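Q: below are the sequence and a predicted model; questions follow.
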Amino acid sequence: MPNGKAGRAVWGRLPALLAVTLVAFPGCRQTSEEERIADVRSQYQARLNGWIVREEAPAAEMPAPEMEEDGEGMAGQPEEGAAAEAEAGEEVAPGITITSEPMAPERRDVILDIVLFHTAPEALPGITLDISQAGPDEAEKAHFRAWIDTSEIRRGQHAQVNYVLEDLDFFPGDVFAVEVRDPVPPEERHQYREFASGS
């Protein structure tokens with residue numbers, strides 16, 4: 001009878017033993033491809049080193065307007081556009097007029113200087129970065145996602161890459177930030193190329 005009791009005791013403890021084994025060896029559990037990519041992706045970091053606004057090509061020099069001489073020197077009536085400008089603002093110095101209308105943003109290309117780094121045992125062929133554009137008040141004005149080729153970046157290596165935001169509404173004082181978003185909610189992973197490609 002002792003052997004029988006001992007046998008029942010072992011079988012009674014079996015579920016608990018299996019649970020301890022699964023906790024002690026989590027690698028035994030199967031993970032999906034998406035979860036594997038999420039784990040590798042979490043070991044990537046991105047830092048914005050700075051940015052520059054691409055200068056526009058200089059405009060062709062416009063010829064000076066011709067004035068007619070009326071016998072008392074250079075004379076002529078101001079054009080309608082000049083009269084409207086005079087009405088819209090206040091001239092504080094010859095040729096300098098301050099208007100009350102806010103400046104409009106310019107359409108410009110902005111070149112971001114980004115530093116990437118990862119500690120993952122395996123490298124992803126590319127990674128999607130989240131980029132935000134904010135005004136001087138730090139309120140976000142625009143959000144972008146950028147796919148960056150990381151196939152040549154080795155573990156522990158810092159790599160510097162440039163990414164261009166083209167034809168952007170840019171206002172002096174705007175600031176930018178980049179990040180490797182982690183975690184990415186499962187319902188949004190289709191918006192990130194590394195998940196969609198099943199890399």
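A: Looks like it arrived, so ask away. Numbers count the residues shown, from 1 in each chain.

Q: can you pull the buried residues of stretch 183-199?
A: 184, 189, 192-195, 199 (16 or more other CB atoms under 10 Å). All C-beta spots, glycine's among them, are computed from the backbone N, C-alpha and C.

Q: ok, stretch 132-152 next?
A: Neighbour counts over stretch 132-152 (16+ other CB under 10 Å) mark 133-134, 141, 146, 148, 150 as buried.

Q: mind listing which of the buried residues of stretch 183-199 are in helices?
A: Counting by DSSP state H, the part of these found in helices is 193-195.

Q: what sits up against the helix or strand in which residue 45 is found?
A: With secondary structure defined by DSSP states H and E, residue 45 is part of strand 44-53. For strand 44-53, the surrounding residues in contact (CB atoms under 8 Å, 6 or more residues apart in numbering) are 108-118, 120, 124, 127, 129, 150, 160, 170, 176-180.

Q: and it, which residues are buried?
A: Of all the residues in strand 44-53, those buried under the rule 16+ other CB under 10 Å are 44, 46, 48, 51.

Q: switch those over to CSV; also include pLDDT.
A: Putting the buried residues of strand 44-53 into CSV (pLDDT from 0 to 100) gives the following:
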residue, pLDDT
44, 98
46, 98
48, 98
51, 97
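
Q: ok, residue 105 - how many residues close by?
A: As a burial measure, residue 105 scores 14 neighbours (other CB atoms under 10 Å).

Q: so it sits right up against residue 171, yeah?
A: Yes - counting by CB atoms under 8 Å, residue 171 is a contact partner of residue 105 at 4.3 Å.

Q: need the pLDDT of residue 16.
A: In this prediction, residue 16 carries a pLDDT score of 52.

Q: now residue 196
A: For residue 196, the predicted pLDDT is 86.

Q: that one and residue 188: what is the separation?
A: For residue 196, the distance to residue 188 equals 11 Å [CB to CB, to the nearest Å].

Q: ok, residue 164 next?
A: Taken as CB to CB, the span from residue 164 to residue 188 is 25 Å.

Q: cool, residue 158 as well?
A: 28 Å.

Q: what does residue 45 give?
A: According to CB to CB, residue 45 stands 20 Å off from residue 188.

Q: ok, and the closest non-adjacent residue to residue 158?
A: residue 117 (5.1 Å; CB to CB, 6 or more residues apart in numbering).

Q: what segments of the protein are helices?
A: So, for the chain - with DSSP H - the helices run 2-24, 33-41, 80-88, 193-196.
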